[in-house]
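J.: Provided below for reference: sequence and predicted model.
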Amino acid sequence: MNKNQKSESFFTRTIQLLLQNKLAVLGGAMVLTVFVLSIFAPLIAPYDPSAIDIKNILMGPTLSHPLGTDELGRDVFSRMLWGGRISLEVGFIAVGIATLIGIMLGSLAGYYGGWIDSIVMRSVDVMLSIPTIFLVLTVIAILEPSIINIMIVIGLTSWMEPARLVRAEFISLREREFVLAAHAMGGTDTRIMMKHILPNGLSPIFVSATMGIGGAILIESALSFLGLGVQPPTPSWGSLLSSGKDNIEIAWWLSAFPGLAILITVLGYNLLGEGLRDALDPRQRE
Amino acid sequence: MIPILFGITILSFGVMHMAPGGPAEAQMEFSSKASSEARERLRILYGADQPIHKQYATWITKFVTLDFGVAFADGRKVKDKILQSLPITLTINLLSLGLVLMIAIPIGIMSATRQYSLLDRFTTIFVFVGFSTPSFWLALLLIYLLGVQWGVLPISGIQSLGIDGIEKWSWRWLLDVGAHLVLPVFVSAFTGLAGLSRYMRNNMLEVLRQDYIRTARAKGLPEREVIYKHALRNALMPVITILGLAIPGIIGGSVIMETVFSIPGMGQLLYQAVFSRDYNLAMGILVPAAFLTMLGNFLADIAYAFTDPRIRLR
């Protein structure tokens, strides 16, 4: 073993393993492309996403409108670029909320055990027994469908998996020597949980968060499809798809392209997440 | 089990009642002429004038005797409404479940036994695409292609308009309903297919690494027997668990599927119930569903202990 290899950090090692995985690279490329396109939407979009053009309504894909126009003559490509921003935003923030809740509840349950653990795990069971869509529908029906509310609701209904993962990590780490040492040195519970245990148990959370972004984008699109997500005229992929369905018989491109964008993005995050799982899990290596 | 069921009822009840504006308001929204007295009378009729813990107590004491009450919207018994919609949703989901099991298990076995083969690579990609496809988008595309463009399949409802005259369960009736079910069943199966075949593959890979498989091979059993007798049985067990946990997902999927295909099933019923704040109806669907989920888990645990002697010993 030479010195160079030894000094390899955990991060560069993971990246190297990821780069060896063709599907993960493909997923990363998809994620990156969508990300760049959304960030630079104002520069790339050929038209104003809300510019109405009555003369050119429901036009199929042409050179001037690569993905066609909708029932008000708005350019579908430009709307999809802007819609990507909203969809990604919803995905990231919803997963952020879910992961935060999951880390808090999971670490409390795993660290303290006992009745705290029972309460948290029974809550997980309760949440998993009720169809998510019911909770989301009801809460959105109460709160009015705005982008913020959608992010919060998706976050509040998808913390169960991260909580379980974090709990499992805490249970397996809490009796280890470095934690006992931290106790012996007089570390407070909060400090031990956040500074010593959590950083060592982050790998599965990264994987679940990466895949969760794809999942959240799917939920947002389903909600918008039911008319409860992002409201028109604001474009998100889900709301574009939903307004496209009314014209499915005469203008297939209104539904086809936003759905394809969702598929590509979600696929990208899933491939990347799966690659990350393989790279971070030493058992999978052969 | 009881505390979880209790938690489920409290959470669903609480979330439904958090809404400003109960069923009386939801019903009156359309007739602004209704006086505040009439509204008040409705509120008292629905018991909405009581404090929430009393409403919950009234509801749960009735519920445990399996009295689900009446739906606010039309005054019909919740039980009847559910029994009317249930067969449709059940048929679609059982058919699609059958389809999923029939296809996913062989795919899982094949891609595990030939890991990294062309077939395995192909199914891996199929699985990821399946996971990532919005089901309603797939449904829309199929509606456009098969229904609108080629006109080979009906795209909405569960039977043709003029079918009422035809005798139920006759060949023509079955054919008509069957044609209506093709798209919903296929689309419902699609996502599940991806998930289950991946799951089956991973189980199988895990099992194939075990010592007892090496032993079976070492004592000279034919590969067929090793795979289908020793490995398959062990790899199938976790699938039982998955099926138990699938019920909430099926309900969620049904809401979307039944909206896309305009099918009058449980999903639509739940959707309408939530929107008209029809507490009795919504709870009548949710709580039994949650109970079934728990029962599914419980039965899966028992089945596990039954099939795996290691668990019984503990």
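T.: Sure, I can see it.

J.: in the stretch 51-200 of chain B, what spans have low per-residue confidence?
T.: Low-confidence segments of the stretch 51-200 of chain B, defined by pLDDT under 70: B:161-166.

J.: Now do the contacts for the residue in it that chain A sits nearest to.
T.: Going by CB to the nearest CB, chain A is nearest to B:Trp137 of the stretch 51-200 of chain B, at 3.3 Å. Where C-beta positions appear, they are placed from N, C-alpha and C, glycine not excepted. Listed by CB atoms under 8 Å, 6 or more residues apart in numbering or on different chains, the contact set of B:Trp137 reads A:221, A:241, A:255, A:259, A:262-263.

J.: Please list which of these are also close to chain B.
T.: When CB under 8 Å from any CB of the partner chain is applied, the members of those adjacent to chain B are A:221, A:241, A:255, A:259, A:262-263.

J.: Can you lay out the residues you listed as a markdown table showing neighbour count, pLDDT and secondary structure?
T.: Shown next, in a markdown table, are the ones next to chain B among the contacts of B:Trp137 (neighbours: other CB atoms under 10 Å in any protein chain shown; pLDDT from 0 to 100; DSSP: H, G, I helix; E, B strand; the rest coil):
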| residue | neighbour count | pLDDT | secondary structure |
| --- | --- | --- | --- |
| A:Ser221 | 29 | 88 | helix |
| A:Leu241 | 28 | 86 | helix |
| A:Ser255 | 24 | 86 | helix |
| A:Gly259 | 24 | 90 | helix |
| A:Ile262 | 28 | 93 | helix |
| A:Leu263 | 20 | 94 | helix |
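
J.: what ranges do the helices span in the stretch 51-200 of chain A?
T.: Assigned by DSSP state H, counting those that start in this stretch, the stretch 51-200 of chain A shows helices spanning A:76-112, A:114-129, A:132-143, A:147-156, A:160-173, A:177-184, A:189-191.

J.: pLDDT on the shortest one, on average?
T.: Going back to what we said before, that points to helix A:189-191. For helix A:189-191, mean pLDDT rounds to 89.

J.: what's that helix in contact with?
T.: Counting by CB under 8 Å, 6+ apart, A:111, A:182 sit against helix A:189-191.

J.: got a list of what A:Asn247 touches?
T.: A:58, A:70-71, A:254.

J.: quick one: which helix or strand includes the spatially most central residue of chain A?
T.: By CA atoms, centre = their mean, chain A has its centre lying nearest to A:Ile213, at 0.9 Å. Using DSSP states H and E, A:Ile213 falls within helix A:203-225.

J.: Show me what from the stretch 51-200 of chain A comes close to chain B.
T.: Going by CB under 8 Å from any CB, the residues of the stretch 51-200 of chain A near chain B are A:122-123, A:125-135, A:137-139, A:141-142.

J.: Contact partners for the spatially most central residue of chain B?
T.: Nearest to the geometric centre of chain B sits B:Ile250, at 1.8 Å (CA atoms, centre = their mean). Shown in contact with B:Ile250 (CB under 8 Å, 6+ apart): B:Asn93.

J.: what's the answer for the one 4 residues further on, then?
T.: Remark: with contacts taken as CB under 8 Å, 6+ apart, B:Ser254 is in contact with B:89, B:92-93, B:188, B:265-267.

J.: Can you point out the buried residues in the strand or helix carrying B:Phe190?
T.: For B:Phe190, the element it lies in under DSSP H and E is helix B:171-208. For helix B:171-208, burial by neighbour count (16 or more other CB atoms under 10 Å in any protein chain shown) applies to B:176-177, B:180-181, B:183-201, B:203-205, B:207-208.

J.: now do stretch A:43-62
T.: Buried residues in stretch A:43-62 (16+ other CB under 10 Å): A:45, A:47, A:49, A:53, A:56, A:59.

J.: same check, this time on stretch B:258-278
T.: B:258-261, B:263, B:265-271, B:273-274, B:276-278.

J.: Count the residues that sit near the residue nearest to the residue nearest to the centre of chain A when sequence neighbours are not counted.
T.: Excluding the flanking residues, the one nearest A:Ile213 by CB to CB, 6 or more residues apart in numbering or on different chains is A:Gly91, at 4.3 Å. Using other CB atoms under 10 Å in any protein chain shown, A:Gly91 has 24 neighbouring residues.

J.: So which residues lie in contact with stretch A:225-234, not counting its own?
T.: With CB under 8 Å, 6+ apart, stretch A:225-234 has contacts from A:50, A:86, A:90, A:136-137, A:140-141, A:145-147, A:150, A:220-224, A:236, A:238-239, A:241-243, A:245, B:134, B:136, B:255-256, B:259, B:271.

J.: Noted, bye for now.
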